[in-house]
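1. build me a model:
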Amino acid sequence: MAQAVTRIQSTLPFKLPDGDMNGAGGGMGWPLSMAFVVAAPDRIPPHWSSSRDIWIRNFYRTVDALNVATETFISKATGIELWVAPKDNNVKRHMEQASQFTYALHNQTGVFAGFEDHFTRYIDDYLSQDNGAFMVVMGRGRADGPIIGPATGLYHLDSARCQRTGNAEYPVIYHHTDSKRYKIHYTRIISQVQRPSPKQELYGVGFCAISSCIDASIELKDVSVHSQESLGSRPARQILYVKEGATLQEVIDAADIYQAKQDSMGVESFSKTMFLAPRSPAGKLELELLRMLGPHEGFNRMEVSIINLATIAGAFGLDLRDLAISFGIASEGATSAEVQDRKGRGKGVNTFIEGFRKELDRKFLPRHLKSVFDNKDDQQDEHQARIWDIRSSVRERDLRNGVTSVRTEREKMVESGEITTEQFEAMELQDGRLANGTDILLLFETSDQEIADLLSISGVSNPTDLKANDPESTIDSINEQIRVVWRVIDMARTAGIASKARQSLAALEKLRATYEGELMEMQMMEEASILEEEVLLEAAGEGEDAATPEDDVATVEEDAQLEEDLS
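-> Residues are numbered from 1 along each chain as shown. Got it, this is the predicted structure:
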């Protein structure tokens with residue numbers, strides 16, 4: 001295991017500190033130019049500044065609603081199953097490579113810390129840092145150059161240590177814990193940011209989810225603090241005090257007696273009205289009621305909380321039912337809740353996952369592989385299945401009535417995601433068409449030399465000329481070439497060769513079917529000709545055997561002569 005860790009760690013563009021294989025700790029080690037000044041807690045740093053990102057990172061952990069929203073987003077994203085698949089399942093080598101990349105992605109990421117661990121950190125930065133989230137693709141070669149060989153995993157980079165440069169070749173400079181700066185090549189960096197700024201000088205810095213709901217979050221926190229202070233320190237609900245007729249010391253003594261009485265009664269959180277008055281007022285006695293608790297007049301905590309929570313949910317792009325209790329959806333009917341859920345389902349999570357998938361495909365995987373995220377949501381799958389079932393019924397009706405074609409419906413299925421592009425092409429090949437709709441037999445006229453070689457039939461110079469070729473011998477030659485193409489498909493090392501071989505196979509099979517149809521027609525014509533000849537011969541034979549009057553006389557004479565001879 002130690003050797004494996006050392007080997008994988010060596011594919012990072014920087015060295016991890018000893019005893020810190022997962023990158024935690026190690027001290028700041030920042031150059032003086034990168035030392036950030038944290039703003040005062042009562043002032044939000046302006047956008048954009050590095051101190052703002054640090055302020056947000058410290059602030060959001062003190063607000064329960066932000067913590068819940070962040071955890072919900074992370075759990076949704078990490079709960080989606082991820083694996084690597086080949087774009088062409090018919091290439092065995094690609095299937096093996098997909099399995100290897102899936103293992104590397106899940107196990108070697110973070111130097112064996114695991115994909116979920118570093119993906120969680122990455123999402124945390126994505127939601128809480130205007131600078132965005134960063135991962136480096138591990139692989140052989142220098143950090144300031146492209147990866148040599150296959151990628152070996154991913155590694156999360158602290159957003160606060162990533163400096164955007166605006167340079168296309170080296171978009172990020174990473175300030176490592178060893179106090180060194182590393183230029184990261186664009187092929188090695190995976191980065192996502194919410195709402196990137198149009199300002200050229202910000203080099204793609206964005207506006208994260210928490211930045212979008214800071215005011216609502218602060219108000220929620222203030223309401224929570226007010227509630228805690230109101231409930232946790234046994235404040236007086238109101239004070240009935242003497243405006244005239246008592247000295248200051250008499251009022252203080254009365255307050256002490258009030259607190260002692262509350263203690264003796266076992267009151268911890270709430271208290272009764274405090275009465276402050278002298279034992280024996282002298283002269284005029286004037287009382288007034290001072291209310292101590294409660295916010296401004298007309299304040300409704302539920303309404304304020306719902307508005308603020310709605311703002312936070314919108315900023316994160318979460319499902320509405322994630323905050324069902326706060327929104328009051330829990331009390332609604334199942335149908336209403338389902339409609340609300342579909343309206344807001346996973347907008348933020350889906351957008352984030354799709355962006356990350358594209359980055360993986362571009363930076364981590366070779367061109368013939370792709371990353372696949374499968375959301376194991378039974379309710380969503382059931383809803384999608386119902387939609388597809390309705391579409392299937394409509395499709396069957398339209399095909400039966402002749403208002404559409406099979407190819408048109410397949411194109412619609414690709415657009416709706418019911419089938420993939422690869423599946424569409426395979427179906428079209430089975431029907432004797434290329435993906436662009438042209439007849440597959442046109443491949444015999446192709447200028448592509450690789451396809452021409454695959455369609456080269458021994459002893460047949462012009463395969464599509466049915467009249468010039470003998471069907472039986474041509475079918476035998478086609479069968480032999482089909483076996484050759486099958487071997488090419490089985491041994492194909494690239495998706496391009498496999499695709500051309502499958503197209504050639506479909507063309508050969510359609511040509512064979514055409515010749516078989518021609519041969520069957522010839523055989524049927526031959527059988528019809530033989531049958532016709534037999535009928536004519538039979539008719540001619542019956543004509544020769546027919547008896548005439550002269551034949552009958554000769555037969556009588558022959559019989560009489562025979563009887564005479566016998567006698």
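
2. could you break the chain into its assigned domains?
-> For the chain, automatic domain parsing gives the domain ranges 236-292, 421-529.

3. just the pLDDT for residue 448.
-> The model reports residue 448 with a pLDDT of 92.

4. likewise residue 147?
-> Note for residue 147: predicted pLDDT of 90.

5. now it: closest residue in space, sequence neighbours ignored.
-> Ranked by Cβ to Cβ, 6 or more residues apart in numbering and with sequence neighbours excluded, the top spatial neighbour of residue 147 is residue 139, at 3.3 Å. For every residue, glycine as well, the C-beta is placed using N, CA and C.

6. picking up where we left off before, please work out which of the domains of the chain is packed deepest.
-> Of all the domains of the chain, domain 421-529 carries the top mean neighbour count, a mean of 16, counting by mean count of other Cβ atoms under 10 Å.

7. chain center to it, what's the gap?
-> How far domain 421-529 lies from its chain's middle: 38 Å, per Cα atoms, centre = their mean, to the nearest Å.

8. just the strands from this structure, written as ranges.
-> In the chain, the strands defined using DSSP state E lie at 81-86, 133-140, 148-157, 162-164, 172-175, 181-184, 189-192, 238-244, 274-275, 286-291, 369-374.

9. do you know which of these lies nearest residue 216?
-> Closest approach to residue 216 among the strands of the chain (Cβ to Cβ): strand 133-140, 22.7 Å.

10. helices or strands up against that closest one?
-> Secondary-structure packing of strand 133-140 (3 or more Cβ pairs under 8 Å, 6 or more residues apart in numbering; DSSP states H and E): helix 115-128, strand 148-157, strand 172-175, strand 189-192.

11. the first one: how far from the chain's middle?
-> In this case it means helix 115-128. Its chain's average C-alpha position is 16 Å from that of helix 115-128, according to Cα atoms, centre = their mean.

12. out of the strands of the chain, nearest to residue 490?
-> Of all those, strand 81-86 comes closest under Cβ to Cβ, at 15.1 Å.

13. give me the mean pLDDT for the closest one.
-> Across strand 81-86, pLDDT averages out at 94.

14. what of stretch 219-239?
-> Rounded mean pLDDT across stretch 219-239 is 68.

15. please apply the same query to stretch 464-473.
-> The average pLDDT for stretch 464-473 rounds to 89.

16. gap between the two ends of it?
-> This stretch, stretch 464-473, spans 14 Å end to end (Cα to Cα, to the nearest Å).

17. what comes into contact with it?
-> Residues outside stretch 464-473 that contact it (Cβ atoms under 8 Å, 6 or more residues apart in numbering) are 441, 444, 459-460, 462-463, 511, 514-516, 518-519, 522.

18. stretch 501-510 now?
-> Taking Cβ under 8 Å, 6+ apart as the rule, stretch 501-510 contacts 90, 426, 429-430, 432, 434, 440-441, 443-444, 451, 454-455, 457, 478, 481-482, 485-486, 488-489, 492.

19. how about a cut-off of 7 Å?
-> The contact list for stretch 501-510, computed with Cβ atoms under 7 Å, 6 or more residues apart in numbering, reads 90, 429, 432, 434, 440-441, 443-444, 451, 454-455, 478, 481-482, 485, 488-489, 492.

20. picking that back up, lowest average confidence across the domains of the chain, which one?
-> Among the domains of the chain, domain 236-292 scores lowest, with a mean of 62.

21. quick one: closest of the domains of the chain to residue 179.
-> Closest among the domains of the chain, using Cβ to Cβ: domain 421-529, at 45.6 Å.

22. tell me how many other residues surround the residue nearest to residue 14 when sequence neighbours are not counted.
-> What sits nearest to residue 14 in space, not counting adjacent residues and going by Cβ to Cβ, 6+ apart, is residue 176, at 4.8 Å. Residue 176 has 21 neighbours, counted by other Cβ atoms under 10 Å.

23. quick check, residue 176 in contact with residue 12.
-> No. At 9.9 Å, residue 176 does not count as touching residue 12 under the criterion of Cβ atoms under 7 Å.

24. and the nearest residue to residue 351 once chain neighbours are set aside, how close does it get to residue 194?
-> Excluding the flanking residues, the one nearest residue 351 by Cβ to Cβ, 6+ apart is residue 317, at 6.6 Å. From residue 317 over to residue 194 the distance is 9 Å, taken as Cβ to Cβ, to the nearest Å.

25. who has more neighbours out of those two?
-> Ranked by neighbour count (other Cβ under 10 Å), residue 317 and residue 194 place residue 194 first, with 24 against 18.

26. longest single helix anywhere in this structure?
-> helix 495-544 (DSSP state H).

27. quick one: that helix to strand 81-86, angle?
-> Interaxial angle, helix 495-544 versus strand 81-86 (axes from the mean of the first three to the mean of the last three Cα atoms, to 10 degrees): 60 degrees.

28. chain center to helix 495-544: distance?
-> Counting by Cα atoms, centre = their mean, helix 495-544 comes out at 52 Å from the chain centroid.

29. gap between the residue nearest to residue 14 and residue 50?
-> Residue 176 is 17 Å from residue 50, by Cβ to Cβ.

30. how about residue 173?
-> For residue 173, the distance to residue 50 equals 13 Å [Cβ to Cβ].

31. what do you get for residue 471?
-> For residue 471, the distance to residue 50 - Cβ to Cβ - is 79 Å.

32. same question for residue 452.
-> From residue 452 over to residue 50 the distance is 61 Å, taken as Cβ to Cβ.

33. repeat for residue 142
-> In terms of Cβ to Cβ, residue 142 sits 27 Å off from residue 50.

34. JSON lines for the strands of the chain, including distance to residue 110?
-> Shown next, in JSON lines, are those (distance: least, Cβ to Cβ, whole Å):
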{"stretch": "strand 81-86", "distance to residue 110": "15"}
{"stretch": "strand 133-140", "distance to residue 110": "9"}
{"stretch": "strand 148-157", "distance to residue 110": "6"}
{"stretch": "strand 162-164", "distance to residue 110": "17"}
{"stretch": "strand 172-175", "distance to residue 110": "16"}
{"stretch": "strand 181-184", "distance to residue 110": "17"}
{"stretch": "strand 189-192", "distance to residue 110": "13"}
{"stretch": "strand 238-244", "distance to residue 110": "58"}
{"stretch": "strand 274-275", "distance to residue 110": "59"}
{"stretch": "strand 286-291", "distance to residue 110": "57"}
{"stretch": "strand 369-374", "distance to residue 110": "17"}
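
35. you'd agree the residue nearest to residue 147 is up against residue 152?
-> Yes. Between residue 139 and residue 152 there is a contact under Cβ under 7 Å: 5.5 Å.

36. in terms of neighbours, single out the busier of the two.
-> Just comparing residue 139 and residue 152: by other Cβ under 10 Å the higher neighbour count belongs to residue 152, 24 against 21.
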